[in-house]
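Colleague: What follows is a predicted protein model with its sequence.
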Protein chains: 4
Amino acid sequence: MGKNRIEAFSDGVFAIAITLLVLNINNPDLIKASITSTLIRLYPNILAYILSFMTIGVYWVAHHTMIHFVRTIDRTALWINNLTLLFIAFMPFPTLLISWHYNDPIATTIYCLTLSMTNLTGSWFWWYVSKNSRHIEEGLSGKFIHRILVVHLCPIAIYVLAICFSFYSIYISYFLIALVPAFFILSNPLINKILLIDKTDRPWK
Amino acid sequence: MGKNRIEAFSDGVFAIAITLLVLNINNPDLIKASITSTLIRLYPNILAYILSFMTIGVYWVAHHTMIHFVRTIDRTALWINNLTLLFIAFMPFPTLLISWHYNDPIATTIYCLTLSMTNLTGSWFWWYVSKNSRHIEEGLSGKFIHRILVVHLCPIAIYVLAICFSFYSIYISYFLIALVPAFFILSNPLINKILLIDKTDRPWK
Amino acid sequence: MGKNRIEAFSDGVFAIAITLLVLNINNPDLIKASITSTLIRLYPNILAYILSFMTIGVYWVAHHTMIHFVRTIDRTALWINNLTLLFIAFMPFPTLLISWHYNDPIATTIYCLTLSMTNLTGSWFWWYVSKNSRHIEEGLSGKFIHRILVVHLCPIAIYVLAICFSFYSIYISYFLIALVPAFFILSNPLINKILLIDKTDRPWK
Amino acid sequence: MGKNRIEAFSDGVFAIAITLLVLNINNPDLIKASITSTLIRLYPNILAYILSFMTIGVYWVAHHTMIHFVRTIDRTALWINNLTLLFIAFMPFPTLLISWHYNDPIATTIYCLTLSMTNLTGSWFWWYVSKNSRHIEEGLSGKFIHRILVVHLCPIAIYVLAICFSFYSIYISYFLIALVPAFFILSNPLINKILLIDKTDRPWK
């Protein structure tokens, strides 16, 4: 299947999932109450909106970067990608859960599990396309391929930690969850080192 | 009408329909209740989300594959395609029905009827474009054209069977409904044999 | 502004408006009731969904055909087009009105007014781009330009008639409203004659 | 990252945000009441829909114009753009606030703050890409670059004024808010003068 059409379809799902998030805040019943009580009731929804928007944004950038190195996509790769989209499109639900139950470890657990599954399928996609030289761009070094895989898998460890902490301190849990998009968005020594690795092992310009 | 614009428009409708499915789970009233009771009430909605997401995904892949062999689209083909999109865009409703009434044969019947209509219009589209050599890619063998048609029509038999079983055992019914996307997604001898048939009757690489 | 980006943006708005229509049927409160009462309460919503889906589909095809003959788009044309998109994106509201108040002439009036405004802005767009030879494809005959304008304006007469009839017989009103998409979708002598007029006055192939 | 994919993703978010606005009017509970009371209750929602649709439309045109002069986009520019999309996608919420609380200065304040943040991030994006000659089109004059920046920042002053007036006269406040899209849409001497400045300081054709 053509790579372009899969990119376009995936972009569509990412864009819609990210823009649907605002519906978690637009609660007609609440909004009819006074503005002050509306804002007090809905500020967790607004914070969850920002967190999920930025997190899905990070996944979109990662998806785009990964697809960039792919040459051809067969049936298996296509369906692993669709599995990733299933979890991305699912995100508004755990986002609504942590909006209404921000103190509940179960809500945080479901949020972290959804993101972990997204990372897992994304890693699976990269592992699958990179083990077959027909699917992947020529000249990629093993070190680069391995690094992309590690970058996709590491957040799972953070999310598991966040799940554990959610039963002890919910604020540490949310701090860890927010750490993932923050790491990929804000400039820091570690992400700069990762980006310096050229796919053929020469430092990027 | 340009094939590209129809492809892009169709992709848009598929992507939006598939991403809107999560709204069937995001029920504000339920979610305000305790997490545990929320998840107990909403687990059918989540299962229905997964089923419909994967099923619409299969229809998108099939649509893309079919369009791939089409050269030009006239007014009639355009409107048969729009009819297919009407049923695809309708899918969130039967999905919500089986979420709230998963034991009711009428819900399952409406779900199966919607998917059958999608298969029917898809088959009609393929039959229409393939009978006119101007609309279809050159060199396609009659065997290949016939096989694509059969692949589009067969699921209707499964859905009719599922409707019949829904009045006897709702679980067999859902098993049959889930069989359709599973058949097209998971690798199995039958789908591999179908994919092996080259459009000009030579085995595909 | 680039014609391609305006086409893509417009296609996006059409695709989303058309796919959002299903949310008018997905009423969680109703759907929790028994299936039979759900279907009895929601059948007008389903009929309105089909009517609006096909009608917006016709406007999309017309929009695409019109844009096809346009070469360049300036600020004025861009904003007339955005005005058309404002009315298209508004359509889910009058659709919901006629779903819940299908007997009320005011609902039908608002539905017809919205569609009339869409036709009006569409005609305005075509009149604006065609009076300046820089914006329009070369070689278009005055007869062709005039015919496209007439085709855009005529439905307004039907909608005005439908508004009048809605105070006398609501069924004649809906028949007239449905006549518009039916005329453009189903093959008939009049639409075939219109399509036969070549833009340079030679019969189309 | 490829400029095209960012343009397409941004266009998607703009198109979805603008088309989701109608959901602020589609309130099922209200609509079941009589048509007349429905329209009386919902006319602020309809006016807010028109205001936000046109305003987001202006931001889309501005975004498109700005991206037109950009050659390459690095990680920083990408994330400033995503920040702009976060505020655009947020717009349905302040729109719903001013629909239900059009007399409340806090609602107007939140509406104006959201749009100010959009302008701020848009200005930041332009400032960032234009200070690095690698990212921007060749030959752009300093005067042109400065003018684009000023055009992005000025509305903030109008919004701040509107916030101040909202505590004194809510109608003057809305007049000012509506002034921003009106200025960019309707032809007037000032916008014509701005558009006459060629990027290389020659009057545009």
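Modeller: Noted; the coordinates are in hand. What you see is a predicted model, and the numbers here were worked out from it, not measured in a lab.
Colleague: contacts, neighbours, all on C-alpha from now
Modeller: Noted.
Colleague: where do the helices sit along chain A?
Modeller: Using DSSP state H, the helices of chain A run over residues A:3-20, A:28-32, A:35-68, A:75-90, A:92-100, A:105-130, A:142-166, A:170-185, A:189-196.
Colleague: How far does the fifth one sit from its chain's centre?
Modeller: With Cα atoms, centre = their mean, to the nearest Å as the basis, the distance from the averaged C-alpha position of helix A:92-100 to the chain average is 15 Å.
Colleague: next one: the first one
Modeller: With Cα atoms, centre = their mean as the basis, the distance from the averaged C-alpha position of helix A:3-20 to the chain average is 14 Å.
Colleague: Give me the residue at the spatial middle of chain A.
Modeller: With distances taken as Cα atoms, centre = their mean, residue A:59 lies nearest the centre of chain A, 3.6 Å away.
Colleague: quick one, what contacts the closest residue to residue A:32 other than its chain neighbours?
Modeller: Distances taken as Cα to Cα, 6 or more residues apart in numbering or on different chains put residue D:100 closest to residue A:32, at 6.1 Å, once the chain neighbours are dropped. The contact partners of residue D:100, by Cα atoms under 8 Å, 6 or more residues apart in numbering or on different chains, come to A:31, A:32, D:44, D:45.
Colleague: Which of these scores worst on pLDDT?
Modeller: Lowest pLDDT among these: residue A:31, with 70.
Colleague: Check the gap between that one and residue A:40 for me.
Modeller: Going from residue A:31 to residue A:40 by Cα to Cα, to the nearest Å gives 11 Å.
Colleague: of these two, who's got more company?
Modeller: Counted by other Cα atoms under 10 Å in any protein chain shown, residue A:31 and residue A:40 do not tie: residue A:31 has more neighbours, with 23 against 9.
Colleague: from what I can see that one touches residue D:95, true?
Modeller: No - using Cα atoms under 8 Å, residue A:31 makes no contact with residue D:95, being 11.2 Å away.
Colleague: any idea how far the spatially most distant residue from the centre of chain A is from residue D:20?
Modeller: Relative to the centre of chain A, and counting by Cα atoms, centre = their mean, the farthest-placed residue is residue A:34 at 35.1 Å. Distance of residue A:34 to residue D:20, given as Cα to Cα: 24 Å.
Colleague: Now do residue A:74, the pLDDT please.
Modeller: On the pLDDT scale, residue A:74 gets 88.
Colleague: Got the phi and psi for it?
Modeller: phi -100, psi -180 (degrees, to the nearest 10).
Colleague: Can you tell me the number of residues neighbouring it?
Modeller: 12.
Colleague: what do you get for residue A:7?
Modeller: Residue A:7 - counted by other Cα under 10 Å - has 16 other residues nearby.
Colleague: now do residue A:132
Modeller: Neighbours around residue A:132, by other Cα under 10 Å: 9.
Colleague: Relative to residue A:118, how far out is it?
Modeller: 22 Å.
Colleague: Okay, now the unreliable bits of chain A?
Modeller: Chain A contains residues with pLDDT under 70 at A:1, A:195-205.
Colleague: Could you tell me the end-to-end distance of stretch A:160-176?
Modeller: 10 Å.
Colleague: got the buried residues for it?
Modeller: Neighbour-count burial for stretch A:160-176 flags A:160, A:161, A:162, A:163, A:164, A:165, A:166, A:170, A:173, A:174, A:176 (criterion: 16 or more other Cα atoms under 10 Å in any protein chain shown).
Colleague: Could you dump those into JSON lines with distance to residue B:78 added?
Modeller: Formatted as JSON lines, those follow (distance: Cα to Cα, whole Å):
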{"residue": "A:160", "distance to residue B:78": "49"}
{"residue": "A:161", "distance to residue B:78": "52"}
{"residue": "A:162", "distance to residue B:78": "50"}
{"residue": "A:163", "distance to residue B:78": "50"}
{"residue": "A:164", "distance to residue B:78": "54"}
{"residue": "A:165", "distance to residue B:78": "55"}
{"residue": "A:166", "distance to residue B:78": "53"}
{"residue": "A:170", "distance to residue B:78": "53"}
{"residue": "A:173", "distance to residue B:78": "51"}
{"residue": "A:174", "distance to residue B:78": "49"}
{"residue": "A:176", "distance to residue B:78": "50"}
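Colleague: show me which of those neighbour chain B.
Modeller: Filtering these for proximity to chain B by Cα under 8 Å from any Cα of the partner chain leaves nothing.
Colleague: Which two of these have the greatest separation?
Modeller: A:160 and A:170 (13.5 Å; Cα to Cα).
Colleague: residues from chain A in reach of chain D?
Modeller: A:11-12, A:15-16, A:18-19, A:22, A:25-26, A:28, A:31-32, A:35, A:50, A:53, A:57, A:65, A:185.
Colleague: Among those, name the buried ones.
Modeller: A:11-12, A:15-16, A:18-19, A:22, A:25-26, A:31, A:35, A:50, A:53, A:57, A:185.
Colleague: Show me the two of the residues you listed that sit farthest apart.
Modeller: A:11 and A:35 (35.4 Å).
Colleague: do you know how far the closest residue to residue A:28 other than its chain neighbours is from residue A:71?
Modeller: Residue nearest to residue A:28 in three dimensions, not counting chain neighbours: residue D:27, with 7.7 Å by Cα to Cα, 6+ apart. Between residue D:27 and residue A:71 the computed distance is 47 Å (Cα to Cα).
Colleague: Kindly report the same for residue A:162.
Modeller: Look at residue A:162 and residue A:71: by Cα to Cα, they are 36 Å apart.
Colleague: and what of residue A:35?
Modeller: 52 Å.
Colleague: can you check residue A:110 too?
Modeller: For residue A:110 relative to residue A:71 (Cα to Cα), the value is 34 Å.
Colleague: cool, residue A:187 as well?
Modeller: 29 Å.
Colleague: do the same with residue A:22
Modeller: 35 Å.
Colleague: now swap in residue A:112 and tell me
Modeller: From residue A:112 across to residue A:71, the span is 31 Å (Cα to Cα).
Colleague: and those two? which has more neighbours close in?
Modeller: Using other Cα under 10 Å as the criterion, residue A:112 and residue A:71 rank with residue A:112 on top: 24 against 15.
Colleague: burial of residue A:47, as a residue count?
Modeller: Quick note: residue A:47 (other Cα under 10 Å) scores 15 neighbours.
Colleague: for residue A:139, that is, sorry about that
Modeller: Counted with other Cα under 10 Å, residue A:139 comes out at 10.
Colleague: and it, how far is that from residue B:27?
Modeller: For residue A:139, the distance to residue B:27 (Cα to Cα) stands at 49 Å.
Colleague: now do residue A:87
Modeller: 18 Å.
Colleague: In terms of neighbours, single out the busier of the two.
Modeller: Neighbour totals were compared for residue A:87 and residue B:27, and residue A:87 leads with 19 against 16 (other Cα under 10 Å).
Colleague: hmm, back to that, just name the most buried of the helices of chain A.
Modeller: Greatest average neighbour count among those goes to helix A:92-100 (a mean of 25), per mean count of other Cα atoms under 10 Å in any protein chain shown.
Colleague: tell me the angle that helix makes with helix B:3-20.
Modeller: Following axes from the mean of the first three to the mean of the last three Cα atoms, to 10 degrees, one obtains 40 degrees for the angle between helix A:92-100 and helix B:3-20.
Colleague: Just the C-alphas of helix A:92-100, formatted as PDB.
Modeller: Output of helix A:92-100 as PDB, limited to C-alpha atoms (Å, rounded to 0.1, in the frame of the first residue of the first chain):
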ATOM      1  CA  PRO A  92     -10.200  11.300  24.600                       C
ATOM      2  CA  PHE A  93     -11.700   8.600  26.900                       C
ATOM      3  CA  PRO A  94      -8.800   8.300  29.400                       C
ATOM      4  CA  THR A  95      -8.400  12.100  29.200                       C
ATOM      5  CA  LEU A  96     -12.100  12.500  30.300                       C
ATOM      6  CA  LEU A  97     -11.500   9.900  33.000                       C
ATOM      7  CA  ILE A  98      -8.500  11.800  34.500                       C
ATOM      8  CA  SER A  99     -10.600  15.100  34.200                       C
ATOM      9  CA  TRP A 100     -13.400  13.800  36.300                       C
END
